[in-house]
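**Q** missing the sequence, but the structure's below:
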DNA sequence: TAAATTTGTTAGATTAATCTAACTTTTTAA
DNA sequence: TTAAAAAGTTAGATTAATCTAACAAATTTA
């Protein structure tokens, strides 16, 4: 049985493994808001349990066992978010913090029932793919709005920032998953862009915002 | 902010306060399945936080603050049980262990939404009264079947044992809340009784079983 | 390439929750 | 009413997760 803290480390490790950069003690510490020595000792613990590969001063890697475990927690998190939104009627900006707690509940019955009630969904309320019961991820082809061309029309399929403040901002613009985003003008100097949302609302997105919006 | 362990102590304390017997270190230790010295130290901690009154070698008492806190946890537990049964379709024998975990979730939004979806219910799936958001309990007049008379007919309104094995046994008899129980014969020697359930099933209840069935 | 900076590790302390062993107080019963 | 039993406390150890201070290795940069 894993502790709650171990589960949170695995989740963080998985998130960090999704970028190009190597997984370092520093990055884990930043991600979790704790100090490096704490990470060093936990990393030794997780290595002892074969969730990660670790050698002093080297980059850290999830093992297959660790990756699988992380994806099963992610599955519980994302199923919970969708349940909170679609069954319980909460907003997409408030589901993350609650799911963060419920994902640690130990009960297959509970999560399988959620999965059934939602009809075995493939994506959560932020457009993130939900791993299946075996820890396998569905194929996923969206890319960030920051890599888009002027004059084209896209569909919002996901967001990479799950903070309530960001999502509440999107709410005020009437932006939800499935909304259209037409890129009007690209500004090279700060990489911001002028956009038309749902054919109605006209505004400017900073580069940071564009990086956090996934479209197809 | 209370720790999970402190919350579990308060719940245990509240349960123990509902019988005649004084709350002792021994009873708390038995209730929680831990050793007495552990209880002594936690009891000092809870007294420091004004949840209980404690003097060495004396009986322990919940303060008003402690009682209120315990009832708020109980509220979350019982709302969750009803939600798991009525919204998620789980059986009354499997909801307790899951609710035991969910009751520690910190989110007013979550539990208020559950309360709303259930229409502000007054009783959980085991017939236990649900404290309101202020920690007040609804009036409750049921009594155990063990105190009943032969030849009379009663309605099952609650159970005092929430173990899956006990509830599964009731399931096999077709007993649910609202079922009728007619007491046919009382046996003085072992205080067991012959009963007729829902006018159909005839069986014998041991004294222990009768103590765990609440009726009106 | 050597010095400075950044990153990582070790050692040792702290807190919460638990334990066992030893001792003390209270209660029961001979 | 005192001796035995039960209940309770204290002292000290353990584990998980965290910290700070000090040191060591790796990387960057002048």
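**A** Happy to help now that I have it. What you see is a predicted model, and the numbers here were worked out from it, not measured in a lab.

**Q** For residue A:193, see how far away the residue nearest to residue A:59 when sequence neighbours are not counted is.
**A** Spatial nearest neighbour of residue A:59, excluding adjacent residues (CB to CB, 6 or more residues apart in numbering or on different chains): residue A:22 at 3.7 Å. Bear in mind the C-beta positions are built from the backbone N, C-alpha and C, glycine included. To residue A:193, residue A:22 is 31 Å away according to CB to CB, to the nearest Å.

**Q** Between these two, which has more neighbouring residues?
**A** Neighbour count, other CB atoms under 10 Å in any protein chain shown: between residue A:22 and residue A:193, residue A:193 has more, with 22 against 12.

**Q** beta partners of the more buried one?
**A** Per DSSP bridges, the residues bridged to residue A:193 are residue A:186, residue A:205.

**Q** Downstream of the helix ranked longest in chain A, the next helix or strand is which one?
**A** Ordering each helix of chain A by length in residues (DSSP state H) puts helix A:64-86 first. Remark: after helix A:64-86, the chain's next helix or strand is helix A:95-102, criterion DSSP states H and E.

**Q** For burial, what's the neighbour tally of the residue lying closest to residue A:185 once chain neighbours are set aside?
**A** Among residues not flanking residue A:185 along the chain, residue A:194 sits closest, at 4.3 Å (CB to CB, 6+ apart). Residues lying near residue A:194 (other CB under 10 Å) number 15.

**Q** do you know how far residue A:194 is from DNA strand C?
**A** Computed as CB to the nearest atom of the strand, to the nearest Å, the residue A:194 to DNA strand C distance reads 36 Å.

**Q** now do residue A:212
**A** With distances taken as CB to the nearest atom of the strand, residue A:212 is found 24 Å from DNA strand C.

**Q** what does residue A:138 give?
**A** For residue A:138, the distance to DNA strand C equals 32 Å [CB to the nearest atom of the strand].

**Q** Same question for residue A:70.
**A** 20 Å.

**Q** How about the contacts made by the nearest residue to that residue once chain neighbours are set aside?
**A** In this structure, residue A:70 finds its nearest non-sequential neighbour in residue A:14, 3.6 Å apart by CB to CB, 6+ apart. Residue A:14 sits next to A:62, A:67, A:70-71, A:74 when contact means CB atoms under 8 Å, 6 or more residues apart in numbering or on different chains.

**Q** can you list the residues of chain A near chain B?
**A** The interface of chain A toward chain B, taken as CB under 8 Å from any CB of the partner chain, is made up of A:84, A:87-90, A:94, A:97-98, A:101-102, A:105-107, A:109-110, A:113-114, A:117.

**Q** can you do 6 Å?
**A** Residues of chain A lying near chain B by CB under 6 Å from any CB of the partner chain: A:88, A:98, A:101, A:105, A:107, A:110, A:113.

**Q** circling back to that earlier point, the longest helix of chain A and DNA strand D, are they touching?
**A** No. Using CB under 7 Å from any atom of the strand, helix A:64-86 never reaches DNA strand D; the gap is at least 14.1 Å.

**Q** list the helices and strands that helix packs on?
**A** Under the contact definition 3 or more CB pairs under 6 Å, 6 or more residues apart in numbering or on different chains; DSSP states H and E, helix A:64-86 sits against helix A:4-17, helix A:95-102, helix A:108-117.

**Q** is it possible to export those to JSON lines including mean pLDDT and distance to residue B:202?
**A** Converted to JSON lines, the helices and strands packed on helix A:64-86 look like this (pLDDT from 0 to 100; distance: least, CB to CB, whole Å):
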{"stretch": "helix A:4-17", "mean pLDDT": "97", "distance to residue B:202": "49"}
{"stretch": "helix A:95-102", "mean pLDDT": "97", "distance to residue B:202": "44"}
{"stretch": "helix A:108-117", "mean pLDDT": "98", "distance to residue B:202": "33"}
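
**Q** and the ones you listed, which is most packed in?
**A** Of those, the one with the most neighbours on average (mean count of other CB atoms under 10 Å in any protein chain shown) is helix A:95-102, at a mean of 20.

**Q** what's that helix packed up against?
**A** Using 3+ CB pairs under 6 Å, 6+ apart as the contact test, the elements touching helix A:95-102 are helix A:64-86.

**Q** So what touches the helix it packs on?
**A** When contacts are defined by CB atoms under 6 Å, 6 or more residues apart in numbering or on different chains, helix A:64-86 is touched by residues A:7, A:10-11, A:14, A:50-52, A:90, A:92, A:95, A:98-99, A:102-103, A:111, A:114-115, A:118, A:121, A:124-125, A:128, A:130-131, A:135.

**Q** Could I get the buried residue list for that helix?
**A** Using 16 or more other CB atoms under 10 Å in any protein chain shown as the test for burial, helix A:64-86 gives A:66-85.

**Q** ditto for stretch A:35-47
**A** Within stretch A:35-47, the residues scored as buried using 16+ other CB under 10 Å are A:39, A:42-43, A:46-47.

**Q** repeat for stretch A:150-165
**A** Burial within stretch A:150-165, assessed by neighbour count using 16+ other CB under 10 Å, is assigned to A:154, A:156-159, A:162.

**Q** Strands - which of the residues you listed land there?
**A** A:154, A:156-159 (DSSP state E).
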